[in-house]
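Participant: my questions are about this predicted structure, shown below with the sequence.
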Amino acid sequence: MKGFGRYMIFLGSLFVRRETFKTYYTLTLEECVQIGVKSVLLFMLVSTFMGAVTTIQTAANLVSPFVPRFVISQVVREMTILELAPTIMAIIYAGKVGSSMSGGLGTMRITEQIDALEVMGINSASYLVLPKIVASLLMYPLLVIFAGVCAIMGGYIVGSLTGSLTPTEYVYGIRYAFNPYFISFALIKSFAFAFLISSISSFKGYYTQGGALEVGIASTQAVTTSIIAVLLADYFLAYLLL
């Protein structure tokens, strides 16, 4: 409870003694490049192979002659939109972006750069952390959309090459009985996960104490705590919204 209370106070401190809009605009754009643009290749590779593997495994288990083949792509679609793109990629996001945020802030803390900002009268928490959270809220949903498209395309390519189903059957299954609300649900989850990962990772890094060893420990704690928070949020959001 003490840690949770400190975390809530930390979030509250982000909105006092703020800098100018132009300052945050510049910092947020820089964070968007670090968080979003430099994560595109990793998300593309992971999501494409996830879609391909899901297609192959679904086709291998769908052995009944009474089940139409287009159900394979329907399963890929539902798994991708509901879990693979927003939740599984959030774990990848926590490992790459979350650890980077925590490590960067932890290094600034032990080298007294954060203390220097405070001496100059700058709210270091707001100046350093708020752009990271805003950039994460902007970029992670876009990365989730991109990952979903890549996963579906990966399944399309592998399904066509292996002969598990024809391209026409795959496209038909993707469109069959589609529920648009699932897209909204996935985006709601992506916003929640982006906030949790960026804020928790920044919190762990901002309050790092010690030396280089503690920076590594803080990064590890940031990733593990973020993943646990994501899984809990995934359960509660599914319970409330589905």
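Facilitator: In hand now; what should we look at? These numbers come from a predicted model, not from an experiment.

Participant: quick one: the nearest residue to Asn123 once chain neighbours are set aside from Gly5, how far?
Facilitator: Among residues not flanking Asn123 along the chain, Arg17 sits closest, at 4.0 Å (CB to CB, 6 or more residues apart in numbering). Every residue, glycine included, has its C-beta placed from N, CA and C. Using CB to CB, to the nearest Å, Arg17 is found at 21 Å from Gly5.

Participant: so which of these two has more stuff around it?
Facilitator: Neighbours were counted for Arg17 and for Gly5 using other CB atoms under 10 Å; Arg17 has more, 12 against 9.

Participant: now the more buried one: which helix or strand?
Facilitator: Using DSSP states H and E, Arg17 sits in no helix or strand.

Participant: quick one, phi/psi of it?
Facilitator: Dihedral pair for Arg17: phi 50, psi 50, per degrees, to the nearest 10.

Participant: hmm, it is touching Ser124, no?
Facilitator: No: if you go by CB atoms under 8 Å, Arg17 and Ser124 don't touch, sitting 9.9 Å apart.

Participant: what helix or strand does the spatially most central residue of the chain sit in?
Facilitator: With distances taken as CA atoms, centre = their mean, Ala90 lies nearest the centre of the chain, 3.3 Å away. According to DSSP H and E, Ala90 maps onto helix 89-93.

Participant: send the alpha carbons of the helix or strand just after that helix over as PDB?
Facilitator: Once helix 89-93 ends, the next helix or strand along the chain (criterion: DSSP H and E) is helix 99-110. The C-alpha trace of helix 99-110 is given here as PDB (Å, rounded to 0.1, in the frame of the first residue of the first chain):
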ATOM      1  CA  SER A  99      12.900  -1.000 -19.400                       C
ATOM      2  CA  SER A 100      14.300   1.800 -21.500                       C
ATOM      3  CA  MET A 101      12.200   4.400 -19.700                       C
ATOM      4  CA  SER A 102      13.200   3.100 -16.300                       C
ATOM      5  CA  GLY A 103      16.800   2.700 -17.100                       C
ATOM      6  CA  GLY A 104      17.100   6.200 -18.600                       C
ATOM      7  CA  LEU A 105      15.400   7.900 -15.600                       C
ATOM      8  CA  GLY A 106      17.400   5.700 -13.200                       C
ATOM      9  CA  THR A 107      20.600   6.800 -14.800                       C
ATOM     10  CA  MET A 108      19.600  10.400 -14.600                       C
ATOM     11  CA  ARG A 109      18.700  10.000 -10.900                       C
ATOM     12  CA  ILE A 110      22.000   8.400  -9.800                       C
END
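
Participant: go ahead and confirm the residue nearest to the centre of the chain touches Ala229.
Facilitator: No: between Ala90 and Ala229 there is no contact under CB under 8 Å: 9.7 Å.
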